[in-house]
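Student: Prediction below, plus the sequence it came from.
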Amino acid sequence: MKWVGYATIAYFIAMQAYMLFLAVVSAAALRRNHHLRRFGRVGEMLSSKTSPPVSIIIAAYNEEAGIVDAVRSMSIVRYPRFEIVVINDGSRDNTLAALIEAFDLEKVRIPYRPELESAPIRAIFRGRSGVDITVIDKENGGRADALNAGINVARHSYVFCTDADVVLDPDCLVHSMQRVVEDRERTVGVGGNVRPLNGSRVELGHIIEAGVPRRLIPRMQILEYLRNFLASRPAWSWMNSVPIVSGAFGIWKKSVVVEVGGLTAGHMGEDMDLTMRIHRHMLVRGIPYRIVYEPAAVIWTEVPDTVRVLRRQRIRWHRGLMRVVSDFRDMTFNPRYRQMGTVAWPGFVLFEYLAPIVEFIGWFVVPTAWLLGAIDTTALVWLLLIALGMGLLNSLIALLLDESFGYFNSPTDTSRLIAVAAIENFGLRQLTVLWRIRALLGGKGTRRWGNMERRGVTNLAADSR
Amino acid sequence: MPSDSLLQVAVLVIFTVNALLLMALVILKVIHRRRMHDHDARRKSYLGLLSRCLSFPNNTEPITEAIAEDPAFLDALIDMRNAISGDEVSTLHRIVNRHGVIERQRRHLDSSWLLGRRLRAAVALAELGDELSADTLMAHLDDREPEIRIQCARGLGRIRWTPAIDEIVSRFKEEIPWVRVRFSDTLLGFGTKATWPLLAYVKINHRFDHRGPALALRTIAQVQDDQAVGPLLELLDERLHLEVELATIETLGELGSPEALPPLEQRLRASRWEIRAKAASSLGGLGDPSAIPHLVEAMRDESWWVRRSAAGAIARLPDGVAALYQSLDDEDPYAADAAAEALIDVGELVSARRRADQGGSRHEPLLAHMRGKGNS
């Protein structure tokens, strides 16, 4: 029992040290990014004829409520050249009809070269309304399958894979593609900063004012996203070891995605799987490359606002993570994969994948040790306070890092976020651990996509304020 | 287990750090909000002051040293500079010089160790600098910070500092791609003065590097200087890296000189499909319908890219659309498909359907072709 106690404490210290290391490196990277953002390059990218064109690929399944708003918001992003490709993945609602009506689509015959496998295509439509939009109507095959079909028809060499339930910041493409132009030879992927949309004011597909919702579940996720996207990803990017480019915002060099065989259909963590396969592909072949994260490229997405939906999402995510960890276990502590194999990926496996297991074991070991007298009551209280304090510390660091972006400035928003940083340690965090354990144990889970009840971004944002 | 005292110390440290972070967060939120608000308010009032100074040269409102040192005043100057033209620009420069704004920014750029301050100074010099700033800007073309190098080149371009052309072009070879691309944008500002330095750079370096010369060639294409055609045709006769050869062909297409017609037609028969495709699309840029028969032949190429590029090029040429309609009956079904795709791209399918609805249309062959594919 004593040794289990020591091991748990050692793990806890190592995890906190790792997270602090990531936060410190991220802070340095974000500071530099803040200065560069302030003294702007956006205008230069917009007027440059060398800005590479991009295909925005949107996978849609039963998105009737929000698809038109989403495409409209995407059609007015500030970027010199881009096309929009929407894949209607066998929706059972009127997603396709809504698109046809809004963008005056007509059926066309354009060559479909299936470089990546996907479920059968029913028809391809092109817009006549001035928006450069192509819509693919296909049999249902899941998100990854839909994106593969979209990549097949994409005309440009960079593909921006995203979802239909997002609102793009108008400058997100400029900021992210600027990272491509920085080093076009080596850059194969760029991830963006995904932020929860719930609680913000949205009008005509634009974020008018970022806000924090009243409801605890989405509020907790705002903090969680800040920790993930601001306190760790910039550090991974600095090490060229980003283990996941989020599915909601991922720009990829099309040729590389095709080389690795596209996204894995049916995979519940297809975004992470693709990122890791590209890392392995490039490292094994010794091809110089980089996958970077750009915090200034912001996209807003709807997050679950009920425990039921959140539970389903987290179980699905953790299943995806389990499969990725299993598929790429050979990379763990493998110097052949350089800093990815020796620092970033082992850290991810140890402190993201295994953390819920260790925490879950701790729930039993610590009370048992206390009951058996191995820990006295005072020490137990101190240990719990340390755990609480470190949780709070990580959240406060993330909130401080977010300060340079200038969102959430009202006193109400600030106090709501600080409050949730303290509250989440009493119940919500334990719930997510339980869901992850549930995912580890297997059983019935959410295997298909599109289970979240969509209300359309404008309605959702208005409701949650 | 660790001793109680150790745990107590750990708890004390963690919660003290938490309290400090919390305080920092609240203070930053308050300061940030107030600073943003104050900065915007001052900037607006300085804009008003500057517009009065520009409109009424005898305006006696004082611009104190405190105002001249205020970053909001610098922002207002930049805003104003981008909004005015003609005589007002020289009046604004007089204000800038009278209050030592440029001198102060030169000092910041040279000696400050704060990245934010140096970047602000570089942007200010790029926007407001004059010939007196040229030496500082030239010196910082080798700055350790890429963004500052970009801003300095931009500033030199804005004041049309001709000696900077060679300096900027000579850095193409060593620069990181992002900076090189921005340098290329700057060179465009110099217009045809940049052509010869760029051509010389390509001539000297294409054997050792392909990225820099390819970008230099594309810059020449944007400059649109006909004088480059002769040297480019000579360059095509040399043994070139694929990227450089593609960029040369593309540039010849962009320049649109009839002299380029024979060598480009010859390259429609090159062994590499990339060259054939690039030559086809460049022929479209020359505007000479005599290329159409060669391009029709290229629509029967084994490579989809070549067929597609050739069809697209034909669509851009005079009488090209008619030629594409004829190709719908081509014996080679791939050539007919390429012609149909190009016609759709130029909007012919839409107009074909509209005309068909009104009864009768010259576009009937395209509709028939599409019906044949089951997609009418």
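Tutor: Alright, I've got the coordinates. Residues are numbered from 1 along each chain as shown, chains lettered A, B, ... in the order given.
Student: And for residue 281, nearest residue in space, chain neighbours not counted?
Tutor: By default, I'm working from chain A. A:Val260 (5.0 Å; Cβ to Cβ, 6 or more residues apart in numbering or on different chains). Just so you know, the C-beta spots here come from the backbone N, C-alpha and C atoms, and that holds for glycine as well.
Student: try chain B instead
Tutor: Excluding its sequence neighbours, the residue lying closest to B:Ser281 (Cβ to Cβ, 6+ apart) is B:Ser309, at 4.3 Å.
Student: pLDDT at that neighbour, what is it?
Tutor: Predicted confidence (pLDDT) for B:Ser309: 94.
Student: pretty sure it contacts B:Leu283?
Tutor: No. With contact defined as Cβ atoms under 8 Å, B:Ser309 and B:Leu283 do not form a contacting pair (9.1 Å).
Student: Of these two, give the one with the bigger neighbour count.
Tutor: Counted by other Cβ atoms under 10 Å in any protein chain shown, B:Ser309 and B:Leu283 do not tie: B:Leu283 has more neighbours, with 31 against 28.
Student: so the more buried one is in which element?
Tutor: Per DSSP states H and E, B:Leu283 falls inside helix B:273-286.
Student: which phi and psi does the residue nearest to A:His281 have?
Tutor: With angles defined as degrees, to the nearest 10, A:Val260 sits at phi -90, psi 0.
Student: contacting residues around it?
Tutor: Going by Cβ atoms under 8 Å, 6 or more residues apart in numbering or on different chains, A:Val260 touches A:274, A:277-278, A:281.
Student: Of these - the most surrounded one?
Tutor: A:Leu274 (28 neighbours).
Student: Helix, strand or coil: sort out residue 194 for me.
Tutor: Going with chain A. Following DSSP: H, G, I helix; E, B strand; the rest coil, the label given to A:Val194 is strand.
Student: returning to what we had before: which other helices and strands does the helix or strand that the residue nearest to B:Ser281 is a member of contact?
Tutor: In the assignment (DSSP H and E), B:Ser309 maps to helix B:304-316. Applying 3 or more Cβ pairs under 8 Å, 6 or more residues apart in numbering or on different chains; DSSP states H and E, we find helix B:304-316 packed against helix B:273-286, helix B:292-298, helix B:320-327, helix B:333-345.
Student: Please name the nearest non-neighbouring residue to A:Asp270.
Tutor: Not quite, residue A:270 is Glu, not Asp. Closest to A:Glu270 by Cβ to Cβ, 6+ apart is A:Ala144, at 4.1 Å.
Student: in which helix or strand would I find the one you found?
Tutor: helix A:143-153.
Student: Restricting to C-alpha, output that helix in CSV.
Tutor: Provided in CSV are the C-alpha atoms of helix A:143-153 (Å, rounded to 0.1, in the frame of the first residue of the first chain):
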residue,chain,number,x,y,z
ARG,A,143,-17.3,11.9,-40.9
ALA,A,144,-14.0,10.5,-42.0
ASP,A,145,-15.5,8.9,-45.1
ALA,A,146,-17.3,12.2,-46.0
LEU,A,147,-14.1,14.2,-45.7
ASN,A,148,-12.3,11.7,-47.9
ALA,A,149,-14.9,12.3,-50.6
GLY,A,150,-14.5,16.0,-50.2
ILE,A,151,-10.7,15.7,-50.5
ASN,A,152,-11.2,13.8,-53.7
VAL,A,153,-13.0,16.7,-55.4
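Student: Show me what the following helix or strand past that helix is packed up against.
Tutor: Per DSSP H and E, the first helix or strand lying C-terminal to helix A:143-153 is strand A:158-163. In terms of contacts (3+ Cβ pairs under 8 Å, 6+ apart), strand A:158-163 is packed against strand A:54-60, helix A:143-153, helix A:172-182, strand A:250-253, helix A:254-259.
Student: Can you name the residue of the stretch 1-150 of chain A nearest chain B?
Tutor: Closest to chain B within the stretch 1-150 of chain A is A:Arg109: 3.7 Å, counting by Cβ to the nearest Cβ.
Student: The residue nearest to A:His281 and A:Met282, how far apart?
Tutor: Distance of A:Val260 to A:Met282, given as Cβ to Cβ, to the nearest Å: 9 Å.
Student: what residues are up against the residue of the stretch 101-250 of chain B at minimum distance from chain A?
Tutor: Ranking the residues of the stretch 101-250 of chain B by distance to chain A (Cβ to the nearest Cβ) places B:Trp178 first, at 3.6 Å. Residues near B:Trp178 by Cβ under 8 Å, 6+ apart: A:178, A:181-183, B:146, B:150.
Student: Farthest pair within the residues you listed?
Tutor: A:Asp183 and B:Ile150 (14.4 Å; Cβ to Cβ).
Student: And those two? Which one has more around it.
Tutor: Between A:Asp183 and B:Ile150, counting by other Cβ under 10 Å, B:Ile150 is the more crowded of the two (25 against 15).
Student: Next SSE downstream of the top helix by length along chain B?
Tutor: Determined from DSSP state H, the single longest helix within chain B is helix B:4-55. Next helix or strand after helix B:4-55 toward the C-terminus (DSSP H and E): helix B:65-69.
Student: Run the chain-centre distance for stretch A:107-114.
Tutor: Relative to the centre of its chain, stretch A:107-114 is centred 31 Å away, using Cα atoms, centre = their mean, to the nearest Å.
Student: Need the contact partners of it.
Tutor: A:121, A:123-126, A:134, A:152-153, B:304, B:337, B:340-341, B:344, B:349, B:370, B:373-375.
Student: Mark which of the residues you listed are buried, thanks.
Tutor: Listed as buried from the contacts of stretch A:107-114 are A:121, A:124-126, A:134, A:152-153, B:304, B:337, B:340-341, B:344, B:349, B:370; burial here means 16 or more other Cβ atoms under 10 Å in any protein chain shown.
Student: would a markdown table of those with pLDDT and distance to B:Arg276 be doable?
Tutor: Compiled in a markdown table, the buried ones among the contacts of stretch A:107-114 are given as follows (pLDDT from 0 to 100; distance: Cβ to Cβ, whole Å):
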| residue | pLDDT | distance to B:Arg276 |
| --- | --- | --- |
| A:Ile121 | 93 | 30 |
| A:Ile124 | 92 | 28 |
| A:Phe125 | 93 | 32 |
| A:Arg126 | 90 | 28 |
| A:Thr134 | 93 | 27 |
| A:Asn152 | 93 | 24 |
| A:Val153 | 92 | 24 |
| B:Trp304 | 89 | 12 |
| B:Asp337 | 87 | 18 |
| B:Ala340 | 88 | 21 |
| B:Glu341 | 86 | 18 |
| B:Ile344 | 83 | 23 |
| B:Leu349 | 73 | 27 |
| B:Met370 | 72 | 27 |
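Student: Would you list the phi and psi of the most far-flung residue of chain A relative to its centre?
Tutor: Most distant from the centre of chain A: A:Gly373, at 44.2 Å, with distances by Cα atoms, centre = their mean. Per-residue torsions, A:Gly373: phi 90, psi 10 (degrees, to the nearest 10).
Student: likewise A:Arg126?
Tutor: Here the main-chain torsion angles of A:Arg126 (degrees, to the nearest 10) amount to phi -120, psi 150.
Student: Just list the residues touching it, thanks.
Tutor: A:Arg126 touches A:105-106, A:108, A:110, A:133-135, counting by Cβ under 8 Å, 6+ apart.
Student: Quick check: PyMOL command selecting the buried ones in these.
Tutor: Buried subset of the contacts of A:Arg126, written as a PyMOL selection, criterion 16+ other Cβ under 10 Å:
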select buried, chain A and resi 105+108+110+133+134+135
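Student: In terms of model confidence, name the weakest of the contacts of A:Arg126.
Tutor: The lowest pLDDT within these belongs to A:Ile110, with 73.
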